[in-house]
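Q: Predicted model follows, preceded by the sequence.
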Amino acid sequence: MTEAARIAPKLSAATRWFHVLLWFSATSFFHGYAIAMLAYLAITSSLAGAIVITHPDHPNFHLQVPKGRAAFVVLLIFYLGWMVLSKREHNLKSYWKAFTYSSVTQSALEYFSAGILGAEALDGIQGERVLIGLHPHGIYPIGGILCYAGGSPLLQRHPWLRVRPCAASILFRIPLIREYLIWTGHLDAGRRTMAKHMAKGKDDLGLVVGGEQEALLTRNGEETVVLEGRTGFVSLAVKHGYHLVPTYAFGQNELYTVNQSLLSTLRGALQRRFKVSIPIFWGRLGTPMPHPAKITLAIGHPIKVPTPPTGTDTEPDPELVATLHAQYVREVKELFERHKAAAGYPDRVLKVVAAAGGGKAGKSKAKQS
């Protein structure tokens, strides 16, 4: 393909704005709590009166519990118990195809004028399982929606793909964010969960390789990926026979105006302690709405992995992993150069950096491609 495939707008502007504000805006991490507060107000205002609790041995004991508050507490305990015990982020039992193919994901595709480049690279591996590497993280890795949304041009060209994106564990503890993730088939990004599903060989997986460290490196007008030294995903792919497919989401770093210098030391410490990035940013006209920057997902050439021996559970040869990782890094650089002009960023330069082991995030030594 010589130019990005476009999705013809079908939804009203109001629908797009509503879904983007609710699910994809800078305040989406708080919307679940806001909904909980609205539920509290609705329940307490609709259930008047109180439950009186007495004790047969103490006639003067009277405890009055407002019915509305009691009902809300019961519902809250039920939800928190379900969140902790259900393990839906590990088993895909809450995947909701109708939601994944609904106006929610379509709104994001249209709002960001989502398109693809280089999808023909996957023609030669149709029907085989792949691990898709998503680069860069950006503030939110919204470019990954092109791998699983029902209206995605990538899935229209390759309907055999069944991509289950992997997300940080902490995101499954945030109300509403959790629901979006499990309904759209996201998995916990822990190695054990990924290995379990790769062993079944039924689904493709998507992984934002750079993680929270890469989010803290997000700068407007710059392209940086954390990739050197990160070989764990390659090891998993080799062990389970998943071909590696690098991708690059052009426009990902322009969705928000970013200020990474403010409170950088504190935010770096929080990232190292809790494995979550807290960048400082704002969107359209200073609001939580992301800028409607065009996102173009460029697909790289697959890095083919040898078929693993059956009946064994041995770890892959480190030399093979290192060789494939080096090949993967080269392909990320090459696909960036191959598609950057068509994506609208002809002057951009990609920097590939190493993960900050125990040091401060963002102070890795850059290797310029």
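A: Done, it's in. Residues are numbered from 1 along each chain as shown.
Q: Tell me where this protein has strands.
A: Ranges of strands in the chain, per DSSP state E, are 50-55, 58-66, 115-117, 130-135, 163-167, 187-188, 204-208, 223-228, 243-250, 257-259, 280-282, 296-299, 350-354, 366-368.
Q: residues near residue 35, how many?
A: Residues lying near residue 35 (other CB atoms under 10 Å) number 13. The way it works is simple: take the backbone N, C-alpha and C, and place the C-beta from them, glycine included.
Q: For the residue nearest to it when sequence neighbours are not counted, give me the pLDDT.
A: In space, and not counting its chain neighbours, residue 35 is closest to residue 176: 6.4 Å by CB to CB, 6 or more residues apart in numbering. pLDDT for residue 176: 97.
Q: With residue 313 instead?
A: Residue 313 carries a pLDDT value of 76.
Q: low-confidence ranges in the stretch 201-350 of the chain?
A: Counting by pLDDT under 70, the ranges of the stretch 201-350 of the chain that qualify are 260-278, 311-312.
Q: what ranges do the helices span in the protein?
A: 13-19, 28-46, 67-85, 88-91, 97-100, 103-111, 153-157, 177-183, 191-200, 211-216, 232-240, 264-274, 318-339 (DSSP state H).
Q: I'd like the mean pLDDT over the third one, please.
A: Predicted confidence along helix 67-85 averages 94 (mean pLDDT).
Q: who are the neighbours of it, in terms of helices and strands?
A: Packing partners of helix 67-85 (3 or more CB pairs under 8 Å, 6 or more residues apart in numbering; DSSP states H and E): helix 28-46, strand 50-55.
Q: Figure out how far stretch 161-170 is from the centre of its chain.
A: Remark: stretch 161-170 is offset 7 Å from the chain centroid, using CA atoms, centre = their mean, to the nearest Å.
Q: what's the closest of the helices of the chain to residue 171?
A: Proximity to residue 171, assessed across the helices of the chain by CB to CB, is greatest for helix 177-183 (5.5 Å).
Q: Redo the helices and strands packed on helix 67-85 as a markdown table? Include mean pLDDT and distance to residue 121.
A: Formatted as a markdown table, the helices and strands packed on helix 67-85 follow (pLDDT from 0 to 100; distance: least, CB to CB, whole Å):
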| stretch | mean pLDDT | distance to residue 121 |
| --- | --- | --- |
| helix 28-46 | 95 | 32 |
| strand 50-55 | 80 | 64 |
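Q: Now tabulate these in CSV and tack on distance to residue 231.
A: CSV is the format used below for the helices and strands packed on helix 67-85 (distance: least, CB to CB, whole Å):
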stretch, distance to residue 231
helix 28-46, 31
strand 50-55, 59
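Q: Out of the ones you listed, flag the one nearest residue 330.
A: Nearest to residue 330, of the helices and strands packed on helix 67-85 and by CB to CB, is helix 28-46 at 35.5 Å.
Q: before we move on, the earlier item: so which of the strands of the chain gets nearest residue 141?
A: That would be strand 204-208 among those, by CB to CB, at 4.7 Å.
Q: elements contacting that closest one?
A: Against strand 204-208 (3+ CB pairs under 8 Å, 6+ apart) you get strand 130-135, strand 163-167, helix 191-200.
Q: circling back to that earlier point, can you say which of the helices and strands packed on helix 67-85 is packed in most?
A: Most buried of these, by mean neighbour count (mean count of other CB atoms under 10 Å): helix 28-46, with a mean of 14.
Q: Pull the number of nearby residues for the residue nearest to residue 35.
A: Residue 176: 18 neighbours (other CB under 10 Å).
Q: Would you pull up how far stretch 24-31 lies from the middle of the chain?
A: With CA atoms, centre = their mean as the basis, stretch 24-31 stands 14 Å off its chain's centre.
Q: So what would you say the end-to-end distance of that stretch is?
A: Stretch 24-31 has an end-to-end distance of 11 Å (CA to CA, to the nearest Å).
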